[in-house]
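[1] A predicted structure for the sequence below; I have some questions about it.
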Amino acid sequence: MTMSPGMAGGMMPTTPVPNSVDELKDKPLKEVNRVRNMFPETWLWVNTTVGANGSATIRTIVPDTITSWITTAFATNSKTGLGITPSSKKLTVFRSFFVSLTMPSSVVRGEHVVIQASVFNYLSSDVSVLVSLPGSKEYTSLVIGDDGSESMSSGDAEKAVIVKSQGQTAVYFPIIPLAIGAVNIEVSARSTLAADAVRRQLIVEAEGVPTEFSVPVFINLGSNGSNVFTQTFPISMPDDVIDGSTRTQVKVTGDILGPSINGLEFLLRIPTGCGEQNMIKLAPDLYIANYLTASGQITPAMHTRVKHLIETGYQRELTYQRSDGSFSAFGNSDGAGSTWLTAFVLRVFHEARPYVYVDDGVLQRAINWIIDHQNQDGSFNEFGHIYDQEMKHFKDHSNGLTSFVLLSLLENADVPVSQNQKNSLQWAIGNATDFLENNHHNITTDDYLSLTLTCLALTKAGSPVADTLFTAVMSKSTTEHGMTFWKTPTGSTSTIDPYSRWRPTHVRARPIDIHVTSYALLVYSARGLLQEGMEVLHWLTRQRNPYGGFASTQDTVVGLQAMTEFVHQAVPAGYDLHLEVRAQHTEAHFNVTTSNSLVLQSKDYSYVPPEVTFSATGKGVAVAELDVFFNVESDLGEPAFEVSTVLLDDYLNSFKVMICTRWLLPGESGMVVQEVGIPSGFAPDMTSVGHVAGIKRSEQKGRYLDIYFDKITKNSLCYTVMFDRQSKVAHSQPSYVITQDYYEPSNRATASYQSLSLKNSDVCDVCPDCCHKA
């Protein structure tokens, strides 16, 4: 059957046009059967098995979007190979009468937002339509007077319009969002012939700079059931917290890896747009999958989830492989491949093989590149650029890098290669081991990272020298409050206290300390020191962020690797624990059992209590966490960067901002990521950034434009960005430019910018059709 817009309406008489909303409401208006609210950007991505007749039927629900869907398919067969549809097919979803909303995806509380409701009429006659936006506690409607004045209304906003046959009419509803979070915007269009309604969500963010901190609670009641745990944490907040921006969440899991398992897709709240940073999404997925598989806890749903994440990470990482087989942060656009990153990717790809298809050729080419670049004495040098300042000693001190590469080669000893390649690989492993045994005494006393890495590599290689190195590693440890960790001397990067004007209840350690301590825990696992390693595990569990990761990429990758390997060996199964959490005048109760140990239980609060008490009875281990989220007017620490903004070409519908950045601390920074806030209702012109020396990459992620720099020096680095209006928002709030050293996030700075044209605008300025000025 051929579908045409006119068929649904038939031949109908022209509807009289009422003069007002009240007159139209007296008519027998059609009721809305269902509010349309499912609007995915992609619809189907499914696998199915075709029967012997060569066909298959997929039954599914069509989304609510009025649009055309383009469908393609491919099939595989063990005998005939790959088959692809010769052409795509189009499925058109159509209604003869419908309403569509145009609005920004997110705004800042207090801004004036125009919701544009477009009513489409493909009936055979003109219709009078009552368009309604119901009142809500989450926003207030703006009523525009004939003189352009604005007044607020909490009631329903209703307008009567005429929509011509085969035409459309736009209706505008200006609102001011009051609530923070996802606000439902529901608009209905009703006539005597047809009706429709849609619901979409408007994300409303608080003003200011988003900030967070966590208070971790490690509960170990043992196995006899007679122990009791009680601990109270006072909670203080900065003076300049944005009103209404605070929220608190208590989370509890039995499994120590529970927070990381539940937060796999969001382990870090920092951009991940280069070859190394992509690995933050791939490596932890593998470690969690290995842990769940080894402990017998993986479910079909979890297996599907991690397999998808691993496939996505693997395919994305291939885009950073260079033509010579090596890998680097930005692929072929870099001057040379990175020894360290190639070894890292090689090890992770090898571990991915049980879950997804990994091309052996990719592994072989990477192995060959590494072997070809090994020095005659068995050591390795770094040829690429290392962005992490704490790891730049890999350029100068080859013990750490050689240990890292040796671990990767040991892992890949079973990759299918020719006999000659296998001999070369074994020769490279032996030479690297000999080098470390003969040169470990050259590791400087303050190079904890190379020391722990070398100890781990020689332990894995079965070298007797590992015992000597383990003694040295232990001599560098610190034990406090029943926890063991490694606090490294100040490295090559200067750091700033991130909380110079206020301190949260708990402050996480520096990324380098987490990194070194994680390698130390891997040494404990390799040597079977499980009881002793519990004190190290306890310290690591206290360093995680609210999403299950740590501070940056390498501490998160190695930290989760160490925890997954150790917990599987050392933490006994079996949970029967009751936890009570008292916060101000409320109580929350959690039961942790063997059957729900992986389930993340939580309790949300819309406020921050002055103190929280955790009390537990029973037996087993549990991890609880108090996460506090809030916005502040400015950074809580001293800036590590000087960031200035200048508005250029400041117009109502477009403007340009110039951003200049320079480093304030000694030396130079590591890799820097600058997140440029995008004003509500605007979109950046990505071509306007241009090719500025020092900028490696730029990409839009939600409300931010992410700019990546090799480094920032004492000299200002400037660039400009053009923004163009996409939707109607007035009375705009300031946007923020958040700058941070990727590998030392405490080194950061926040600046703001605000277009005066946008700040001083009203609804009539951005939406002349909303107003009837005399």
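    Alright, I've got the coordinates. Numbers count the residues shown, from 1 in each chain.

[2] give me the low-pLDDT residue ranges for the stretch 451-600 of the chain?
    490-494, 572-573 (pLDDT under 70).

[3] where do the strands sit along it?
    478-480, 483-485, 576-583, 586-593 (DSSP state E, counting those that start in this stretch).

[4] What strands flank the third one, and is each parallel or antiparallel?
    Using DSSP bridges, the strands paired with strand 576-583 are strand 586-593 (antiparallel), strand 611-619 (antiparallel).

[5] so after the last one, what's the next helix or strand?
    Going back to what we said before, that points to strand 611-619. strand 621-632 (DSSP states H and E).

[6] Now do that next one and strand 611-619, the angle between them.
    Interaxial angle of strand 621-632 relative to strand 611-619 (axes from the mean of the first three to the mean of the last three CA atoms, to 10 degrees): 160 degrees.

[7] For Ser165, see how far away the nearest residue to Thr484 once chain neighbours are set aside is.
    In this structure, Thr484 finds its nearest non-sequential neighbour in Glu535, 4.1 Å apart by CB to CB, 6 or more residues apart in numbering. (Glycine included, C-beta is placed from N, CA and C.) For Glu535, the distance to Ser165 (CB to CB, to the nearest Å) stands at 77 Å.

[8] Give me the most central residue, the chain.
    Centroid-nearest residue in the chain, with CA atoms, centre = their mean: Phe266, separated by 4.2 Å.

[9] if we can go back for a sec, most packed of the strands paired with strand 576-583?
    Of all the strands paired with strand 576-583, strand 611-619 carries the top mean neighbour count, a mean of 19, counting by mean count of other CB atoms under 10 Å.

[10] looking only at pLDDT, what's the mean for that strand?
    Across strand 611-619, pLDDT averages out at 95.

[11] Residues contacting that strand, please?
    Residues outside strand 611-619 that contact it (CB atoms under 8 Å, 6 or more residues apart in numbering): 215, 217, 219, 221-225, 227-235, 250, 574-583, 592, 622, 624, 626.

[12] Quick one: buried ones out of those?
    Buried members of those, scored by 16 or more other CB atoms under 10 Å, are 215, 217, 219, 221, 229, 235, 250, 575-577, 579, 581, 583, 592, 622, 624, 626.

[13] And the pLDDT at Gly273?
    According to the model, Gly273 carries a pLDDT of 64.

[14] Also the one 4 residues further on?
    Reading off the per-residue confidence, Gln277 sits at a pLDDT of 72.

[15] quick one on the thing from earlier: list the contacts of the residue nearest to the centre of the chain.
    Tyr547, Gly548.

[16] From Gln584, how far out is it?
    The gap separating Phe266 from Gln584 is 28 Å, by CB to CB.

[17] now swap in Ala616 and tell me
    For Ala616, the distance to Gln584 equals 20 Å [CB to CB].

[18] Just confirm Cys764 is within a helix.
    Yes. Applying DSSP: H, G, I helix; E, B strand; the rest coil, one finds Cys764 inside a helix.

[19] how would you label the closest residue to Val32 other than its chain neighbours: helix, strand or coil?
    Spatial nearest neighbour of Val32, chain neighbours left out: Ala197 (4.3 Å); criterion: CB to CB, 6+ apart. With three-state DSSP as the basis, Ala197 sits in strand.

[20] Ala197 touches Ile185, doesn't it?
    No. Assessed by CB atoms under 8 Å, Ala197 is found out of contact with Ile185, at 11.1 Å.

[21] neighbour-wise, which of those two wins?
    Ile185 (22 against 19; other CB atoms under 10 Å).

[22] Any stretches of the stretch 1-150 of the chain with poor pLDDT?
    Applying pLDDT under 70 to the stretch 1-150 of the chain flags residues 1-19.

[23] the helices in it, which residues?
    With helices called from DSSP state H, counting those that start in this stretch, the stretch 1-150 of the chain shows them at 21-25.

[24] just the stretch 551-700 of the chain next, same as before
    For the stretch 551-700 of the chain, the helices defined by DSSP H, counting those that start in this stretch cover 553-570.

[25] show me what contacts Trp539?
    Neighbouring residues of Trp539 by CB under 8 Å, 6+ apart: Met483, Thr484, Phe485, Thr517.

[26] picking that back up, and the residue nearest to Val32, how far from Gln419?
    Distance of Ala197 to Gln419, computed by CB to CB: 70 Å.

[27] go on, Ser755?
    For Ser755 relative to Gln419 (CB to CB), the value is 67 Å.

[28] repeat for Lys25
    For Lys25, the distance to Gln419 equals 86 Å [CB to CB].

[29] Tell me which of these two has more neighbours.
    The neighbour comparison of Lys25 against Gln419 (other CB under 10 Å) goes to Lys25, with 14 against 7.

[30] next one: stretch 327-341 to chain centre, how far?
    Distance of stretch 327-341 from the chain centroid (CA atoms, centre = their mean, to the nearest Å) equals 24 Å.

[31] Actually, stretch 25-34.
    With CA atoms, centre = their mean as the basis, stretch 25-34 stands 44 Å off its chain's centre.

[32] same check, this time on stretch 661-676
    Distance of stretch 661-676 from the chain centroid (CA atoms, centre = their mean) equals 22 Å.

[33] Give me the distance between the two termini of that stretch.
    With CA to CA, to the nearest Å as the measure, stretch 661-676 spans 12 Å from end to end.

[34] where along the stretch 401-550 of the chain do the helices fall?
    Along the stretch 401-550 of the chain, the segments classed as helices by DSSP H, counting those that start in this stretch run 419-439, 448-460, 465-475, 511-527, 530-541.

[35] Asn747 is nearest to which of those helices?
    Among those, helix 511-527 comes nearest to Asn747, with 10.8 Å by CB to CB.

[36] Where does pLDDT dip in the stretch 151-300 of the chain?
    The stretch 151-300 of the chain contains residues with pLDDT under 70 at 265, 267-273.

[37] returning to that earlier point: which of the contacts of Trp539 sits closest to Thr342?
    Taking CB to CB as the measure, Thr342 lies nearest Thr517 of these, at 25.6 Å.

[38] That closest one against Trp486, yeah?
    Yes. Between Thr517 and Trp486 there is a contact under CB under 8 Å: 4.9 Å.

[39] measure the closest residue to Gly331 other than its chain neighbours to Ile707 for me?
    In this structure, Gly331 finds its nearest non-sequential neighbour in Tyr320, 4.4 Å apart by CB to CB, 6+ apart. Counting by CB to CB, the gap from Tyr320 to Ile707 is 19 Å.

[40] Give me the more crowded residue out of these two.
    Legend: neighbour count by other CB under 10 Å for Tyr320 and Ile707, higher for Ile707 (27 against 24).

[41] and the protein, what are its domains?
    Residue ranges for each domain of the chain read 1-205, 210-254+571-633, 257-494+507-570, 635-766, as given by automatic domain parsing.
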